[in-house]
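Visitor: Model the following, please.
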Amino acid sequence: MAKVPAWSAVPLLLCCLVALAPCSSKAAAAAVDPDPGMGMSKPPESAFITELDAFQFYPAISDGGLWFVEFVANNCRNCKRVAPAWSELADEVAHIKDCHVARLNCEMYEQLCDSLDVERTPTFKLYHKGAEVLTYKADVIHIDLLKPFLFKQYDKIIKGGGSTGGTASAAE
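Guide: A predicted model of the protein is given here:
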């Protein structure tokens, strides 16, 4: 039987050590995709998005301000595509008095979403003084129009003191 030199075990030992060594937190974070199969990483959330639930919804939208609410579902592909623009919008209006950007998860609060006539996700609804003002059903192609839409409605409703009702198209 041939004698195996002791140094030949070194590469095997190094491989084991490398495999068992802890990764840095940056490397570990980069290696884990929070959204497997979707082909995109989870965008950073804005601290200015108000996450609503069934108990907070009506008190929040009744506070006298303008509430722009996104109705979402966890497994909704378009909701995930819209998320960065929604976060950006929340950041941009955070300094505006009486203007709020919020989100309600329709998977968790299905009965509430049904009662609010949310037929698909994402759906965007504008509320003022406890009442729905407009429903804005945008697709991901027109998501860049959310900001001008909200500012136009804010000027009309909060600054102008008016109120409208109905559905707004992506061009409005």
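
Visitor: Can you tell me the SS state at Ala47?
Guide: coil (DSSP: H, G, I helix; E, B strand; the rest coil).

Visitor: gap between it and Gly160?
Guide: Relative to Gly160, Ala47 is positioned 29 Å away (Cβ to Cβ, to the nearest Å). Placement of C-beta: from N, CA and C, glycine included.

Visitor: Distance of Ala73 relative to Tyr136?
Guide: 17 Å.

Visitor: Compare these two and say which is more crowded by neighbours.
Guide: A direct count of neighbours by other Cβ atoms under 10 Å for Ala73 and Tyr136 places Tyr136 higher, at 23 against 19.

Visitor: Who does the more buried one form a beta bridge with?
Guide: Taking DSSP bridges, one finds Phe124, Ala168 as the beta-bridge partners of Tyr136.

Visitor: Quick check: it vs Asn105, distance?
Guide: Distance, Tyr136 to Asn105, by Cβ to Cβ: 18 Å.

Visitor: Please apply the same query to Asn78.
Guide: The value you get for Asn78 to Asn105, if Cβ to Cβ is used, is 15 Å.

Visitor: who's more crowded, these two?
Guide: Asn105 (20 against 16).

Visitor: which residue packs closest to the more buried one, ignoring adjacent ones?
Guide: Val72 (5.8 Å; Cβ to Cβ, 6 or more residues apart in numbering).

Visitor: just checking, that neighbour touches Ala102?
Guide: No: counting by Cβ atoms under 8 Å, Val72 does not reach Ala102; the two are 10.7 Å apart.

Visitor: circling back to that earlier point, show the contacting residues for the residue nearest to Asn105.
Guide: Neighbouring residues of Val72 by Cβ atoms under 8 Å, 6 or more residues apart in numbering: 79, 103-106, 121-122.

Visitor: Noted, bye for now.
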